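Structure, please.
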Amino acid sequence: MGFTFAYRLMLVVAAASLLGVSQANKDWGSSKSNYTGRGWGWGWNSTNNHPMNETESEGPQKIIVGGAENWHFGFNYSDWAFQNAPFYFNDTLVFKYDPPSNGTFPHSVYLFPDRWSYMNCNLKRAKMIANATQGGGDGFEFVLNKWRPFYFACGEHDGIHCKLGGMKFMVAPLFRWHY
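Numbers count the residues shown, from 1 in each chain. Got it, this is the predicted structure:
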């Protein structure tokens, strides 16, 4: 049986609310501040004095996960994701990590199906999207091509890198609004 009227109405109201909030907040925090960098989009870009959400976000970006730190054990990727948000629809995340050798532990990239699996580092239903050798060179690229939360983690050593090594983060890509 199809969606009920009440369910359809709830979806329309939710979509309208998201659109309304995004439009109402489009200029929020656009006063000049000391903030520079990608961050949450507050403030001004110090190099050209334009609001960052109109200059730096015009098209999809390639973002190296962890920045100069790349993808490794012992780095807090949840903090990194928070500090580098927002991420946008069609941005590309680049996971760079050394291939396994005598001096390095292997890493991988898993995509969790839901928040519960992510919070518990439960790999049972997670999907490996990059193995231990795919992070070398230019790295493994993942395009945020759906409007939904994405939950990432390293699945090596039965999830120990996820649980104890800080190698997990989530992003919820936004749409770019041009006005």
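
What are the phi and psi values at the nearest residue to residue 60 once chain neighbours are set aside?
By the measure of CB to CB, 6 or more residues apart in numbering, the closest residue to residue 60 outside its immediate chain neighbours is residue 90, 4.1 Å from it. (C-beta placed from N, C-alpha, C; glycine too.) The phi/psi pair for residue 90 (degrees, to the nearest 10) reads phi 80, psi 0.

burial measure for residue 90, as a count.
Around residue 90 there are 15 other residues, counting by other CB atoms under 10 Å.

and the gap between it and residue 147?
Distance from residue 90 to residue 147, counting by CB to CB, to the nearest Å: 10 Å.

list residues touching both of those two?
Both residue 90 and residue 147 are contacted by residue 173, under the criterion CB atoms under 8 Å, 6 or more residues apart in numbering.

in this protein, which spans are strands?
For the chain, the strands defined by DSSP state E occupy 62-64, 92-95, 109-112, 127-130, 140-143, 150-153, 168-171.

May I see the ones you listed organised as CSV, with distance to residue 120 and mean neighbour count added?
Shown next, in CSV, are those (distance: least, CB to CB, whole Å; neighbours: other CB atoms under 10 Å):
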stretch, distance to residue 120, mean neighbour count
strand 62-64, 26, 15
strand 92-95, 22, 19
strand 109-112, 9, 23
strand 127-130, 16, 15
strand 140-143, 22, 16
strand 150-153, 11, 23
strand 168-171, 11, 20
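
can you tell which of those is closest to residue 85?
For those, the distance to residue 85 is smallest for strand 168-171, at 7.2 Å, taking CB to CB.

Can you give the strand pairings for that closest one, parallel or anti for each?
Its sheet considered, strand 168-171 pairs with strand 150-153 (antiparallel) by DSSP bridges.

Which residues does the strand it pairs with contact?
Applying CB under 8 Å, 6+ apart, the external contacts of strand 150-153 come out as 65, 77, 93, 109-115, 117-118, 121, 126, 142, 144, 159, 161-162, 167-173.

Now stretch 91-105: buried residues?
Buried residues in stretch 91-105, counting neighbours by 16 or more other CB atoms under 10 Å, are found at 91, 93-98, 105.

Residue 148: what's it in contact with?
Residue 148 makes contact with residue 172, according to CB under 8 Å, 6+ apart.
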